[in-house]
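[1] show me how the following folds:
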Amino acid sequence: MDSVTVCNLTVRFGKYEALKDVSFSLKKGDFLNVIGPNGSGKTTLIEVLTNLTTPSSGSITINEKKVGYLPQKLQTKKNFPITVKEVIYGGLDKIEKESTDNEIKKWLEIMNISHLINENMSILSGGQQQRVYIIRALISNPDLLILDEPTSALDPEFREGFYLFLNSLQKERNMTIINVTHDLSDTLKDNSLILYIDQEVKFFGESKEFKEFEHRGHKHVWVFTI
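    Okay, the predicted model is just below:
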């Protein structure tokens with residue numbers, strides 16, 4: 001049984017077609033990088049996968065119990081009274097809250113923000129807030145993790161370490177990961193998959209096949225770094 005199946009997915013907003021007949025499937029434990037130019041429908045795809053947008057036609061099947069999701073550019077409003085700890089605990093159900101204190105401490109150490117646990121979110125930098133929301137998405141140990149440009153606010157050194165950690169997490173827990181990115185340099189692994197979309201699917205396959213796809217004269221559609 002596939003982890004995720006998308007079949008002939010089309011999304012229209014009025015006369016504008018954000019996605020057209022998009023189809024792909026993922027097996028349990030796959031790591032998918034979703035790429036494409038601005039306005040190509042990447043975020044729309046993620047919003048449909050997370051039930052934030054209703055498709056015009058087609059279907060999506062997710063055969064996973066727990067889904068973790070990190071939206072694009074999620075940021076706490078200035079002076080909003082919520083602490084780092086409260087944001088993280090907000091990603092857990094009642095039973096999980098009773099058994100994850102040590103897990104939270106571990107994640108805070110990994111993200112190098114242990115000293116901020118009781119701080120108000122609004123005083124944190126954009127990068128620090130992003131790390132908190134990454135923990136929130138991961139803390140419940142999801143079967144499927146959906147990330148929409150998770151490292152956009154992170155410095156290059158931490159970004160590289162984050163993807164190394166994410167790849168190890170995928171292997172250890174056999175987690176299926178869907179990652180929207182503008183930069184493949186940190187994420188492109190031999191065992192990863194690439195979905196290149198520009199309203200329609202331009203390429204879907206293994207990363208090594210994508211390199212060959214570019215070498216056959218398609219370099220104008222994508223670059224590995226921005």
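[2] so in the chain, where's the weakest helix or strand by average pLDDT?
    Comparing every helix and strand of the chain by mean pLDDT, DSSP states H and E singles out helix 94-97 as the least confident one, with a mean of 56.
[3] three-state assignment of the nearest residue to Ile60 once chain neighbours are set aside?
    If the residues on either side of it in the chain are set aside, Ile60 comes closest to Val6, at 5.3 Å by Cβ to Cβ, 6 or more residues apart in numbering. Glycine gets a C-beta too; all of them are placed from N, C-alpha and C. For Val6, the assignment made with DSSP: H, G, I helix; E, B strand; the rest coil gives strand.
[4] isn't Val6 right up against Pro55?
    No. Contact criterion Cβ atoms under 8 Å: Val6 and Pro55 do not qualify, at 9.4 Å.
[5] which of those two has more neighbours?
    Counting neighbours by other Cβ atoms under 10 Å for Val6 and for Pro55 shows that Val6 has the greater number, 23 against 20.
[6] identify the residues contacting that one.
    Applying Cβ atoms under 8 Å, 6 or more residues apart in numbering to Val6 gives the contacts Val22, Ser23, Phe24, Ser25, Leu45, Leu49, Gly58, Ser59, Ile60.
[7] go again using 6 Å as the cut-off
    Ser23, Phe24, Ile60 (Cβ atoms under 6 Å, 6 or more residues apart in numbering).
[8] tell me the pLDDT of the first one.
    With respect to pLDDT, Ser23 scores 97.
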